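Student: Coordinates for the following, if possible.
(2 chains)
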There are 2 protein chains.
Amino acid sequence: MSAATMKDNGAATTPRIALDAMGGDYAPGATVQGALEAVRTLDCHVLLVGDPQALEAELGKHNGIATRITIVPSEGMITEDDHPAQALRSKPRASILVANQLVKQGEADAVVSMGSTGATMASATMVLGTLPGLDRPCLGGPFLGLAPNTVVVDMGSNIDCRPSLMLGFGVMGSVFAHHYLKIEQPRVGLLSVGAEESKGNRQVREAFPLFKASSLNFVGNLEGMDFFTDKADVIVCDGFVGNVIMKFTEGLGTTLAGYLKNMLSDKLPPGELGSLADKMWEVNNLAKRMGGPLFGVQGAVVIGHGASGPESVAGAIDTARKCVEIRLVENMRAELEALETASPTS
Amino acid sequence: MSAATMKDNGAATTPRIALDAMGGDYAPGATVQGALEAVRTLDCHVLLVGDPQALEAELGKHNGIATRITIVPSEGMITEDDHPAQALRSKPRASILVANQLVKQGEADAVVSMGSTGATMASATMVLGTLPGLDRPCLGGPFLGLAPNTVVVDMGSNIDCRPSLMLGFGVMGSVFAHHYLKIEQPRVGLLSVGAEESKGNRQVREAFPLFKASSLNFVGNLEGMDFFTDKADVIVCDGFVGNVIMKFTEGLGTTLAGYLKNMLSDKLPPGELGSLADKMWEVNNLAKRMGGPLFGVQGAVVIGHGASGPESVAGAIDTARKCVEIRLVENMRAELEALETASPTS
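Tutor: Now for the predicted structure:
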């Protein structure tokens, strides 16, 4: 029984988040500290999944009693260097697998991981399964601080997507925009190189009629500047393009922050300069702060940035908590089932 | 005989630039004013191609004697709404065609146009022809003020490129980086979603071995942040991705400029605020300032942004002038001929 299903039958309780405490560049220090911050400030329980000794040592560094935090033991972890599928077989008690199993068994409501994106996706797909009609999940969500209500799918998890898979992404992005961002009838567009139906690569030109025939509020093709023009609430693209743009933005934000600091060094006091540079980084790195929800698996899963500090870990936990509260997975399942045009065979 | 060939046989003379004076959102006002600025500040002649009456009227608005400017009459123009190939047939004396013919006939050394990119490419391909081994030209050049020495090819002219075409783009980008930016052995990389050879979409994975086997200084796959990491001098991508990133950057620059203005309105005097916002726009819009050279046709052709004002028109003329001086086309032809791995049949 999935966590979302369980919520259906149970009372509205405090969301229980299974955190892969061993995943990420600064784990377990940053994950434990982020978990502590989350339970202090948010309505949630955190299940810290990882090596008990390491986690207890980290918890010991912080003052106060950690209520609403439970350690769940696991053995080993999957790193960026591992081949996800192989590692899932050779490390059956790895932290990310145990975290997903907690959701599968109804002992947690969502998974959060800062570890390998590939391993998180593979383990969620294997343990939780995909929603009906989809054979692959995708990463989505808002990613720009300058456009915090614009949802981008796919952010980099699926390359060379079939047009029918892109339609599925559009549906999930639309459900997310509706329930998470509270946008009525989200406008969905296809990222392309011109507004006309004839513009785009073959993938986009083949996807266009599928979107047009669907029940989505499809607004047609979008261009690169439309991340900023409020023409659409959901921007659908292949994961190759999504990944390139997300990493491009990340690099640009860092570079611009340094550029501004340099240019304004004799015009602003150091404190204001620092906070301006921080903001410049932040507006270009929203996904780092809140994590990216994994759309299409039968459970709420949020993937954080590998380089997350405690604040970003808490941000990803908050995103997961909200996904549980709005019953995102249940809503996505219902919408996918209603989508007549996307047959699993197409 | 192409302009570049002619230069070989002739003495080193002042470059003669054929400007499509009717092309662009603010033509012929901005084109004429840009031409006047160019001949005042740069070593060049400008052949203003367009409707003589309109051009004389514009010239009449400006003081001083316009030496080194000649009007060449044409009839009609091709707009963004026209289908390029059809329009070339139905308007044989259109300004962009006449401009290209001037180069073909040895009466000018380069073409500059702010008009329809499609029409400029189609007319250059038809009138001047492509370099040996290439069936399509591409748009390239530096496009980010924050990375002014990083060349991106293709910026949006070719969608769904064959891997062998991408190799040709890499060669032309490398020649441009070497001769225009004076970079010894330019480092060439393929834009992808991970550094490893196995990462990327099918197109990139198929192009990788071609690049590896070539005589290029190939540094492997790049990621989105590598526009800012100085890992490569030339970034090769499909025109779909190039177009999306370029337009994305354009939108981001404008949005950031407004954001900064807003955030610093009570911290900086209005004049400094304005110049900061201008700089923010500029670092994200280099290609608007200098135009994008068209690589792969038998003549120097520079395509400017449709919304160019006089300063950007002069910038594109300057780029064209430099392309002539460094004998860019001749150098590209030689390198393409030397490229053994890129056969026209692959």
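
Student: okay, CA-based contacts and neighbour counts for the rest of this
Tutor: Will do.

Student: Okay, and A:M332 sits in which element?
Tutor: Per DSSP states H and E, A:M332 falls inside helix A:328-338.

Student: Test my guess that A:V171 contacts A:A334.
Tutor: No - A:V171 is beyond contact range of A:A334, at 10.6 Å (criterion: Cα atoms under 8 Å).

Student: So for the two, which residue has more residues nearby?
Tutor: Legend: neighbour count by other Cα atoms under 10 Å in any protein chain shown for A:V171 and A:A334, higher for A:V171 (26 against 13).

Student: Which parts of chain A belong to which domain?
Tutor: A:1-134+A:296-327, A:138-288 (automatic domain parsing).

Student: So which residues of the stretch 101-250 of chain A form helices?
Tutor: Applying DSSP state H, counting those that start in this stretch to the stretch 101-250 of chain A gives helices spanning A:117-128, A:163-179, A:202-213, A:239-263.

Student: Compare those helices and give me the one nearest chain B.
Tutor: With respect to chain B, and counting by Cα to the nearest Cα, the nearest of the helices of the stretch 101-250 of chain A is helix A:239-263 at 4.0 Å.

Student: Pull out the buried positions in the closest one.
Tutor: A:239-261 (16 or more other Cα atoms under 10 Å in any protein chain shown).

Student: out of these, who's near chain B?
Tutor: On the criterion Cα under 8 Å from any Cα of the partner chain, A:240-241, A:243-252, A:255 are the entries of the buried residues of helix A:239-263 that sit beside chain B.

Student: low pLDDT regions in chain A?
Tutor: Residue ranges of chain A with pLDDT under 70: A:1-12, A:64-65, A:285-288, A:339-346.

Student: residue contacts, the nearest residue to A:K247 once chain neighbours are set aside?
Tutor: Leaving aside its chain neighbours, A:K247 sits nearest to B:G224 (4.5 Å; criterion: Cα to Cα, 6 or more residues apart in numbering or on different chains). Neighbouring residues of B:G224 by Cα atoms under 8 Å, 6 or more residues apart in numbering or on different chains: A:243-249, A:251, B:191-193.

Student: before we move on, what about A:L256?
Tutor: A:L256 neighbours (Cα under 8 Å, 6+ apart): A:277, A:280-281.

Student: are any of the residues you listed buried, and which?
Tutor: A:277, A:280-281.

Student: okay if I get those as CSV plus secondary structure and distance to chain B?
Tutor: Formatted as CSV, these follow (DSSP: H, G, I helix; E, B strand; the rest coil; distance: Cα to the nearest Cα, whole Å):
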residue, secondary structure, distance to chain B
A:A277, helix, 11
A:M280, helix, 9
A:W281, helix, 12
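
Student: Distance to A:D154 added to those, as JSON lines?
Tutor: Compiled in JSON lines, those are given as follows (distance: Cα to Cα, whole Å):
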{"residue": "A:A277", "distance to A:D154": "28"}
{"residue": "A:M280", "distance to A:D154": "24"}
{"residue": "A:W281", "distance to A:D154": "22"}
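
Student: Among those, pick out the one closest to B:M114, please.
Tutor: Closest approach to B:M114 among the buried ones among the contacts of A:L256 (Cα to Cα): A:M280, at 32.8 Å.

Student: With adjacent residues omitted, what lies nearest to the closest one?
Tutor: In space, A:M280 is closest to A:A257, 5.5 Å off (Cα to Cα, 6+ apart).

Student: what about A:A338, neighbour count?
Tutor: A:A338, neighbours per other Cα under 10 Å, totals 11.

Student: tell me which parts of chain A are close to chain B?
Tutor: Applying Cα under 8 Å from any Cα, we find that chain A lies next to chain B at A:146, A:156, A:159-160, A:191-193, A:200-202, A:223-228, A:240-241, A:243-252, A:255, A:267-268.

Student: residue closest to the middle of chain A?
Tutor: The centroid of chain A falls nearest to A:G292 when counting by Cα atoms, centre = their mean (1.5 Å).

Student: residue contacts, that residue?
Tutor: Applying Cα under 8 Å, 6+ apart, we find A:G292 in contact with A:139-141, A:302-304, A:316.

Student: Bridged to it, which residues?
Tutor: Using DSSP bridges, the beta-bridge partners of A:G292 come out as A:I303.

Student: Compute the number of surrounding residues for A:M22.
Tutor: 31.

Student: likewise A:V301?
Tutor: Per other Cα under 10 Å, the neighbour tally for A:V301 reads 36.

Student: For it, what are phi and psi?
Tutor: Backbone geometry at A:V301, expressed as degrees, to the nearest 10, gives phi -130, psi 130.

Student: wait, isn't it in contact with A:A320?
Tutor: Yes - the pair A:V301 / A:A320 is scored as a contact, 6.7 Å apart, by Cα under 8 Å.

Student: what's the overlap in contacts for those two?
Tutor: Listed as contacting both A:V301 and A:A320 by Cα under 8 Å, 6+ apart are A:110-112, A:293.

Student: From A:N221, how far off is A:R187?
Tutor: Separation of A:R187 from A:N221 (Cα to Cα, to the nearest Å) stands at 11 Å.

Student: Give me the more crowded residue out of those two.
Tutor: Applying other Cα under 10 Å to A:R187 and A:N221 shows that A:N221 carries more neighbours, namely 26 against 22.

Student: got a list of what A:F228 touches?
Tutor: A:F228 sits next to A:146-147, B:251-252, B:255 when contact means Cα under 8 Å, 6+ apart.

Student: would you turn those residues into CSV with distance to A:G76?
Tutor: CSV is the format used below for these (distance: Cα to Cα, whole Å):
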residue, distance to A:G76
A:L146, 39
A:A147, 38
B:G251, 45
B:L252, 42
B:T255, 45
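
Student: related to what we said a few turns ago, can you give me the distance of the residue nearest to the centre of chain A to A:V153?
Tutor: A:G292 is 10 Å from A:V153, by Cα to Cα.

Student: cool, A:V46 as well?
Tutor: For A:V46, the distance to A:V153 - Cα to Cα - is 28 Å.

Student: ok, back up a step: nearest to A:Q101 among the contacts of A:F228?
Tutor: Set against A:Q101, the nearest of these by Cα to Cα is A:A147 (34.7 Å).

Student: right, and the closest one touches A:F227 too?
Tutor: Yes - counting by Cα under 8 Å, A:A147 touches A:F227, with 7.0 Å between them.

Student: neighbour-wise, which of the two wins?
Tutor: More crowded of A:A147 and A:F227, by other Cα under 10 Å: A:F227, with 25 against 18.

Student: residues in contact with that one?
Tutor: When contacts are counted by Cα under 8 Å, 6+ apart, A:F227 touches A:147, A:150, A:235, B:248, B:251.
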